Every structure is written in structure tokens, then in C-alpha cells.
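Asks: Here is my input, please return the structure:
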Amino acid sequence: MIYAMVLKNRVIDIKESETIPKYPPDAYGNEVTSVECSDDVTVGMIYDAETGSFSEYEPPEPEPPQPTQLDSIEQTQLLIMEAMADQYEQRLETDLMMMDAQATTFEAVLALTEGVV
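Replies: Residues are numbered from 1 along each chain as shown. Below you'll find the model as predicted:
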């Protein structure tokens, strides 16, 4: 006969034996029970004592990582750097417009003075 050794609803070993195998409790005092099973049961499966059935273990979906304080600081720094870049770009555009206006003024003055000299 084949037996699944079950600890806390989890198959920890498979034994083939004519007598019911006995395991001592784990280090925390949890009992290991012997459950007769078929040869398709494997270590790691889940045992439901109410229905007497075995099923594959399906690990829970991992939770998405929570942002850390460092992530938040980096995000804030990035926003500040983007704002500074926008301000710098606007200042350059303003400076360029001022230079263009001065050039236009100088050209007009030069045009007026050409005939005077």
C-alpha cells in the first residue's frame, strides 16, 4: 500500500508499506498523519481532510512591491529636475526673444544712421 505522510495538510513524504507508517511530530509538536493514497500523489501536494482528496499546491500570487521611501524621494527628485529643466528652457526662449528684439532695434538704428553720416 502507498501512504502519504501529511504535515499541516501538506504531503511531506510518500511511503510504500504493508503497515501504516508512523512519523514523530515535528519540532513544534505538529502531528504527521499517514493517509492511504494512489501512486499519482506526490510530495508537496495539499491534502483536504474533509474530502479526503489531494490537490496540487498553487502558490498565492505575489503582491506587487510597495513603493519605498527611497522610491518616493527619487520620484520627487525627478519631478523637481523636470520642473527645473522646463524653467531653464523657458528662460532660454525669453533670452532668445530679447536678443532678437535687440537685433531688430540695432538694425533699425543702423538703417536710420546710414543716410545721416
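
Asks: Run the chain-centre distance for the host helix or strand of Thr94.
Replies: Thr94 is part of helix 69-114 when elements are defined by DSSP states H and E. Taking CA atoms, centre = their mean, to the nearest Å, one finds helix 69-114 lying 39 Å from the centre of the chain it belongs to.

Asks: Mind giving me the packing neighbours of that helix?
Replies: Helix 69-114 sits against no helix or strand, with contacts defined as 3 or more CB pairs under 8 Å, 6 or more residues apart in numbering; DSSP states H and E. Backbone N, C-alpha and C define where each C-beta goes, glycine included.

Asks: as a whole number, average confidence for that helix?
Replies: Averaged over helix 69-114, pLDDT sits at 94.

Asks: ok, now how distant is the nearest residue to Ser38 once chain neighbours are set aside from Lys15?
Replies: Sequence neighbours aside, Ile2 is the residue nearest to Ser38 in space, at 6.8 Å (criterion: CB to CB, 6 or more residues apart in numbering). Per CB to CB, to the nearest Å, Ile2 is found 7 Å from Lys15.

Asks: got it, and Gln90?
Replies: 77 Å.
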